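> Output the structure for:
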Amino acid sequence: MAEALRIIIADDHALFRQGLKSMLVNVHPDVMVVAEVENVSGIATALTETPCDILLLDLQMDRSALADIQGLVPQVQVVVVTASEQLTDALAAIRAGARAVVFKRFAVESLMEAVRTVREGHVWLPPALQSELASQVSHPDPKTLTSREQEIVRLVALGLHNPEIAQRLGLKNVTVKSHINRIFHKLDLRDRVELAVYAFRLGLVGINERAR
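Residues are numbered from 1 along each chain as shown. Okay, here's the model as predicted:
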């Protein structure tokens with residue numbers, strides 16, 4: 001039997017926590033909700049006392065949890081579950097280190113897909129968010145990129161880190177970093193999130209496609 005997927009739910013609404021826990025445990029026998037947290041200040045303690053694989057984090061708790069994501073990321077993979085469907089909030093969460101953003105009103109349909117995608121080491125975003133991001137990112141001619149650079153863009157969009165890309169392509173880490181910096185300059189993009197959106201828009205990778 002596969003090892004259980006351990007989840008901590010951090011949300012300041014007790015009814016939502018209970019509903020989420022019931023949905024996860026009753027529908028998915030390989031899932032364990034190992035702790036529940038009702039305020040941001042209790043998250044660090046919960047992670048210390050109860051090791052887990054995924055933290056489901058409400059972006060708007062007793063105070064904004066956005067500032068805490070970066071500090072939590074080294075300990076656990078963060079999946080943001082939020083009522084806010086604002087592009088700026090979702091983008092800020094991903095840039096801070098969250099591996100997925102799930103809108104609360106679609107949580108029943110999409111949460112476990114996001115969780116399992118993140119557990120496999122990839123990023124998950126709602127298709128609607130992908131479309132909105134894509135509409136705001138410029139569409140440079142892909143011919144400006146070499147075939148090697150296009151492959152690196154595809155792997156970045158799939159959520160691979162530089163060492164993983166280097167291993168996949170038989171390159172040195174410093175070479176991959178150099179390629180990515182050159183790609184940013186060519187495409188006039190700021191970070192890996194915008195680069196991923198560019199890849200989706202050009203069809204270099206499908207929405208929520210996973211690395212093989």
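
> for the protein, what spans make up the helices?
With DSSP state H, the ranges of helices along the chain come out as 14-27, 43-49, 66-72, 87-96, 107-119, 127-136, 147-157, 162-169, 173-187, 192-202.

> I'd like these as a markdown table, with mean neighbour count appended.
Any C-beta I mention is one placed from the backbone N, CA and C, and that applies to glycine too. Putting these into a markdown table (neighbours: other Cβ atoms under 10 Å) gives the following:
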| stretch | mean neighbour count |
| --- | --- |
| helix 14-27 | 14 |
| helix 43-49 | 15 |
| helix 66-72 | 16 |
| helix 87-96 | 18 |
| helix 107-119 | 18 |
| helix 127-136 | 15 |
| helix 147-157 | 19 |
| helix 162-169 | 16 |
| helix 173-187 | 15 |
| helix 192-202 | 21 |
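
> Out of these, which gets nearest to V34?
With Cβ to Cβ as the criterion, V34 lies closest to helix 43-49 of the helices of the chain, at 8.7 Å.

> What is the closest one packed up against?
Under the contact criterion of 3 or more Cβ pairs under 8 Å, 6 or more residues apart in numbering; DSSP states H and E, the helices and strands touching helix 43-49 comprise strand 5-10, strand 31-37, strand 54-57, helix 66-72.

> hang on, the earlier thing: just give me the lowest mean pLDDT stretch among the helices of the chain.
Across the helices of the chain, helix 127-136 has the smallest mean pLDDT, namely a mean of 69.

> follow-up on the earlier one: with distance to L59 as extra columns, can I get the helices of the chain in CSV?
As requested, the helices of the chain are arranged in CSV below (distance: least, Cβ to Cβ, whole Å):
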stretch, distance to L59
helix 14-27, 13
helix 43-49, 13
helix 66-72, 6
helix 87-96, 6
helix 107-119, 13
helix 127-136, 13
helix 147-157, 23
helix 162-169, 27
helix 173-187, 27
helix 192-202, 16
